[in-house]
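[1] Next input, structure requested:
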Amino acid sequence: MKGRLVLVGSAIVDIVMYVDRLPERGGDVIATGSSQQVGGGRNVLAAAARQGMRTVYAGRLGSGPFGTQITATLMAEGVELAVPPVTDGDSGYCVALIEPDGERTFATSMGVEAHLSEDDLAMLTVHPDDTLYVSGYDLVYPHGPVIAGWLSQIPEAGLIFDPSPLVDLIDSQVLDTVLRRTRWLSLNAREAAALGDHGRLSGGVVVRTGERGCTVVQDGRSEEVPGFQVDPVDTNGAGDAHVGAFAAALARGDDPVTAARAANAAAAIAVTRRGPASCPTLAETVDWLKRRR
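    Presented below is the predicted three-dimensional model:
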């Protein structure tokens, strides 16, 4: 498999609660279940790793209980760490409320991962056949301009950019800088609508449309890649599974449409499992696709 997936950004801890409904303003609900798992950038890295791709985490890690959990989880997935943990703070966390239909609602508290510096990125060696990954969450964080400036100096590696639900909060100059470097833009339909004309600056585009699959746009041509109907239990991390599997398939040498089909399958399997990092392995994905042909 060609190159590594290098995630330049952040990983945090997800405190996940399953609820029958969201509380009204000032109200409360009792969760039917809960868990504490590593999410954020870890989801993309885990997806790509399980699909057979070498992965690198180029972000800050804390030394408190959250940072320690994240470090251990990344290492267990075989992810290489480009930046050593800091000693003066902890990593951040996110509270995720999951409704019965799998829809999720987030609230995030930033930690040391939001303050990646130029000195941190100087520790990272990027190879021409690497694929970089950046999330829009990180462009909203304080280190967003640092990441954008660094990307403009690393022209040799391809970039996959996922603008995230916070796309409309990204500084326009930062966003334009990153889009000019983007080889593949991966986003859902709502994010595509919010991005608007900015999306024309990108190379190829993958618009994720849930169980309907995705649309691949490249060189002025658009192709619908059908998805798979499943009974979702948790959509948290579905987009991450899709983009991680897509990156791994491209690294294997698949054409974009074939890669998108594999990504649709990986995401479909992921939403039938609870937890943010529920992407299947490559063997599971291949077997799943065979049975649906």
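[2] Quick one: neighbours of the nearest residue to residue 8 once chain neighbours are set aside, just the number.
    Closest residue to residue 8 apart from its sequence neighbours, by Cβ to Cβ, 6 or more residues apart in numbering: residue 58 at 4.8 Å. Backbone N, C-alpha and C define where each C-beta goes, glycine included. Residues lying near residue 58 (other Cβ atoms under 10 Å) number 23.
[3] again, but for the one 3 residues further on
    Counted with other Cβ under 10 Å, the burial measure for residue 61 works out to 25 neighbours.
[4] helix or strand for it, which one?
    Residue 61 belongs to no helix or strand when assigned by DSSP states H and E.
[5] what about the residue nearest to residue 8, distance to residue 121?
    For residue 58, the distance to residue 121 (Cβ to Cβ, to the nearest Å) stands at 7 Å.
[6] list residues touching both of the two?
    residue 8 (Cβ atoms under 8 Å, 6 or more residues apart in numbering).
[7] was I right about residue 111 contacting residue 13?
    No. Taking contacts as Cβ atoms under 8 Å, residue 111 lies outside contact range of residue 13: 9.0 Å.
[8] what's the overlap in contacts for these two?
    Common neighbours of residue 111 and residue 13 (Cβ under 8 Å, 6+ apart) are 66, 91, 92, 93.
[9] how about JSON lines for these, with neighbour count and secondary structure added?
    Rendered in JSON lines, the data for the shared contacts of residue 111 and residue 13 read as follows (neighbours: other Cβ atoms under 10 Å; DSSP: H, G, I helix; E, B strand; the rest coil):
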{"residue": "66", "neighbour count": "24", "secondary structure": "helix"}
{"residue": "91", "neighbour count": "30", "secondary structure": "coil"}
{"residue": "92", "neighbour count": "23", "secondary structure": "coil"}
{"residue": "93", "neighbour count": "23", "secondary structure": "strand"}
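[10] how about the nearest residue to residue 19, chain neighbours excluded?
    Using Cβ to Cβ, 6+ apart and skipping residues adjacent in sequence, the residue nearest residue 19 is residue 29, 4.9 Å away.
[11] What is the neighbour count of that neighbour?
    Residues near residue 29, counting by other Cβ under 10 Å, number 13.
[12] A helix includes it, no?
    No. Assessed with DSSP: H, G, I helix; E, B strand; the rest coil, residue 29 is coil; it does not lie in a helix.
[13] residues in contact with it?
    Residue 29 makes contact with 19, 20, 21, 22, 23, according to Cβ under 8 Å, 6+ apart.
[14] Isn't the third one up against residue 99?
    Yes. With contact defined as Cβ under 8 Å, residue 21 and residue 99 form a contacting pair (6.6 Å).
[15] Counting neighbours, go ahead and name the busier of those two.
    Legend: neighbour count by other Cβ under 10 Å for residue 21 and residue 99, higher for residue 99 (15 against 10).
[16] For the most centrally placed residue in the chain, pull up the helix or strand it's in.
    Geometric centre of the chain, nearest residue: residue 240, 3.8 Å, by Cα atoms, centre = their mean. Using DSSP H and E, residue 240 sits within helix 238-251.
[17] and that helix, C-alpha only, in PDB?
    Only the C-alpha atoms of helix 238-251 are listed here, as PDB (Å, rounded to 0.1, in the frame of the first residue of the first chain):
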ATOM      1  CA  ALA A 238     -19.700   7.300  10.300                       C
ATOM      2  CA  GLY A 239     -18.100  10.100   8.300                       C
ATOM      3  CA  ASP A 240     -14.800   9.400   9.800                       C
ATOM      4  CA  ALA A 241     -15.100   5.700   8.800                       C
ATOM      5  CA  HIS A 242     -16.000   6.800   5.300                       C
ATOM      6  CA  VAL A 243     -13.000   9.100   4.800                       C
ATOM      7  CA  GLY A 244     -10.500   6.800   6.400                       C
ATOM      8  CA  ALA A 245     -11.600   3.900   4.300                       C
ATOM      9  CA  PHE A 246     -11.600   6.100   1.200                       C
ATOM     10  CA  ALA A 247      -8.100   7.200   1.900                       C
ATOM     11  CA  ALA A 248      -6.900   3.600   2.300                       C
ATOM     12  CA  ALA A 249      -8.600   2.500  -0.900                       C
ATOM     13  CA  LEU A 250      -6.900   5.200  -2.900                       C
ATOM     14  CA  ALA A 251      -3.600   4.200  -1.300                       C
END
